[in-house]
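J.: Kindly return the folded structure for what I paste below:
(one chain, ligands or ions: 1)
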Amino acid sequence: MQPCITGWGHTKFGALKEQSLEDLIIAAADEALTHAGVAAEDVDGIWLGHFNSGMVPDAFASSLVMGLDDGLRFTPATRCENACASGSAAIYNALNAIRAGQTKIALVIGVEKMTDLDTAGVTKALAGASYQKEESGVSFPQIFGRIAGQYFQRFGDQGAALAQIAVKNHANAMANPLAHMQKAVNFEFCNAVSDKNPMIAAPLRMTDCSLISDGAAALVIVAPELAEDFPQAVTFRAAEQVNDFMPMSRRDMTELTGPRVAFDKAFAAAGVGLDDIGFAEVHDCFTIAELMIYEAMGLKPKGHGAEAVAEGIVMKGGKLPVNLSGGLKAKGHPVGATGVSMHVMAARQVTGNAGDMQADRSDLGLVFNMGGSGVANYCSVLEAAK
Ligand SMILES: CC(=O)SCCNC(=O)CCNC(=O)[C@H](O)C(C)(C)COP(=O)(O)OP(=O)(O)OC[C@H]1O[C@@H](n2cnc3c(N)ncnc32)[C@H](O)[C@@H]1OP(=O)(O)O
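T.: Now for the predicted structure:
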């Protein structure tokens, strides 16, 4: 058996002006420890997923959690950064320490505080995660705008499909009280450029972009032999990381190749196929990314991702609902928190604790978190162990 998630915590995502980085870290960690029933002194390793890049003062952010409880004093704490996949980087480092026998009870937190800066400031900070030698000065909306442009050129205009993805994820977020934006939007609004839905980076409109959010999420992950001591346990049937070349010039940007390899490896490690999966939480930093992820996971062949939405497959109640939480699009995307948040949402699903978000078939869940334009790719398959 693999390491198990035995507790989770999740702040509301949003523009949380009153809460500092430390407040967010402590709130999520406290909830996760309480949920697992773990005393602070029993935690023997802490990992913090945090991107930052100057969005708020950030040195030693991993040690801020010690403000929660004196019992955390002297516990090794480490920050992990892998762009928008920093949260999953923290989880996978905890898994490795547990597998190595060095850690029995790990506390993993993902956090980001973005809204202290204005949009221009956040855009600049995020752009630090692109390949500076060739992509310097290019924002993430522009990077994914270029990807969408190349995809449209090769496979035809997908604007309507992207609008449908936005509508779906906003509708799903209505069932998630922790979501940043709980506002239903209709297809006509998302599919047209207007004052309220401007073009951000052609062909991507505002409704094709994820949100700039604050928030934190946390997990308690324990060694397999301890799982039976906990009321709930969620095991990692697979946890695969795949990094691809950073320069976009070295990759075919009409497909997400690194993500495809990560999905293939995860399915092989879990001994399952896509048909066995009941739901997926995936990295919809832009709607074009979600569409191309349908292809990377093997739901539709290359160039046919739009059919997954048109046929209702990825809708709530469909064969493989995608982003029942509202995704990065509407739940929000506090970048360092995102990977941990996805695993929290999936753990709640497989244990039947997802409330109004609950999937019809939730025995096996898929999580895909991505840093950069398909550069750092983390794919997990989660299953309730008890
Ligand atoms: C691999 C990766 O993960 S890369 C992804 C990294 N993340 C990003 O790049 C973030 C992308 N998103 C953005 O940059 C911003 O949200 C933008 C540029 C799309 C919009 O920012 P701004 O133009 O500053 O919008 P602003 O904050 O002024 O909000 C204006 C209105 O639009 C709404 N809004 C803002 N962003 C979005 C969005 N992404 N989707 C839908 N509505 C939005 C606001 O709620 C507000 O609505 P209101 O007038 O009813 O109050």
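J.: Could you pick out the residues of the chain near the ligand for me?
T.: With Cβ under 6 Å from any ligand atom as the criterion, the chain meets the ligand at residues 84, 119, 123, 126, 140-141, 200, 206-207, 209-212, 285, 333, 370, 372. From N, CA and C alone the C-beta is placed, and that goes for glycine too.
J.: Of those residues, just the buried ones, ChimeraX syntax please.
T.: Here is the ChimeraX selection string for the buried members of the residues of the chain next to the ligand, based on 16 or more other Cβ atoms under 10 Å:
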select :84,123,126,140,141,200,207,209,210,211,212,285,333,370,372
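J.: Looking at the residues of the chain next to the ligand, which are in strands?
T.: Members of these lying in strands (criterion: DSSP state E): I200, M370.
J.: does the residue lying closest to V282 once chain neighbours are set aside sit in a helix or strand, and which one?
T.: Using Cβ to Cβ, 6 or more residues apart in numbering and skipping the chain neighbours, the partner closest in space to V282 is F368 (4.4 Å). Following DSSP states H and E, one finds F368 within strand 364-371.
J.: May I have the strands that pair with that strand, each with its orientation?
T.: Neighbouring strands of strand 364-371 in its sheet, by DSSP bridges, are strand 279-282 (parallel), strand 376-384 (antiparallel).
J.: Single out the most deeply packed of those strands.
T.: Ranked by mean neighbour count, the strands paired with strand 364-371 are led by strand 279-282 with a mean of 28 (mean count of other Cβ atoms under 10 Å).
J.: Pull out the buried residues from stretch 68-80.
T.: Those would be L68, D69, L72, T75, A77, R79, C80, for stretch 68-80 by 16+ other Cβ under 10 Å.
J.: is it true that the first one touches V43?
T.: What that stands for is L68. No - in this structure L68 lies outside contact range of V43 using Cβ atoms under 8 Å: 10.1 Å.
J.: Mind listing the shared neighbours of the two?
T.: Common contact partners of L68 and V43 (Cβ atoms under 8 Å, 6 or more residues apart in numbering): L33.
J.: Whichever residue of the stretch 201-350 of the chain sits closest to the ligand: what's it in contact with?
T.: The minimum distance from the stretch 201-350 of the chain to the ligand, using Cβ to the nearest ligand atom, falls at C285 (3.1 Å). Residues in contact with C285 (Cβ under 8 Å, 6+ apart) are C84, F140, F144, S210, L328, H333, M370.
J.: okay, these in CSV with pLDDT next?
T.: Shown next, in CSV, are the contacts of C285 (pLDDT from 0 to 100):
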residue, pLDDT
C84, 98
F140, 97
F144, 98
S210, 98
L328, 98
H333, 98
M370, 98
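J.: quick one, strands of this structure?
T.: Along the chain, counting by DSSP E, strands occupy 4-10, 45-49, 77-80, 105-112, 199-201, 204-205, 215-222, 234-243, 279-282, 364-371, 376-384.
J.: that older thread, any chance of the strands paired with strand 364-371 in CSV, with distance to R99 and mean pLDDT too?
T.: Formatted as CSV, the strands paired with strand 364-371 follow (distance: least, Cβ to Cβ, whole Å; pLDDT from 0 to 100):
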stretch, distance to R99, mean pLDDT
strand 279-282, 23, 98
strand 376-384, 14, 98
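J.: Mind checking those for the one nearest to M1?
T.: strand 376-384 (10.5 Å; Cβ to Cβ).
J.: OK, contacts around the closest residue to F155 other than its chain neighbours?
T.: For F155, ignoring the flanking residues on the chain, the nearest one in space by Cβ to Cβ, 6+ apart is G303 at 4.1 Å. Shown in contact with G303 (Cβ under 8 Å, 6+ apart): R154, F155, T254, E295.
J.: try D195
T.: Residues in contact with D195 (Cβ under 8 Å, 6+ apart): none are found.
J.: what do you get for L299?
T.: So L299 contacts L274, G305, A308, I313, V314, L320 (Cβ under 8 Å, 6+ apart).
J.: picking that back up, any of the contacts of G303 buried? List them.
T.: Using 16+ other Cβ under 10 Å, the buried ones in these are F155, T254, E295.
J.: Rebuild those as CSV, extending it with pLDDT and distance to V220.
T.: As requested, these are exported to CSV (pLDDT from 0 to 100; distance: Cβ to Cβ, whole Å):
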residue, pLDDT, distance to V220
F155, 98, 43
T254, 98, 40
E295, 98, 35
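J.: Out of the residues you listed, name the ones that lie in helices.
T.: The helices, defined by DSSP state H, take in F155, E295 from those.
J.: Would you mind checking which of the buried ones among the contacts of G303 is nearest to V340?
T.: Closest to V340, out of all of these and judged by Cβ to Cβ, is E295, at 25.9 Å.
J.: Leaving aside the residues adjacent along the chain, what's closest to that closest one?
T.: Nearest to E295 is G305, by Cβ to Cβ, 6+ apart, at 4.7 Å.
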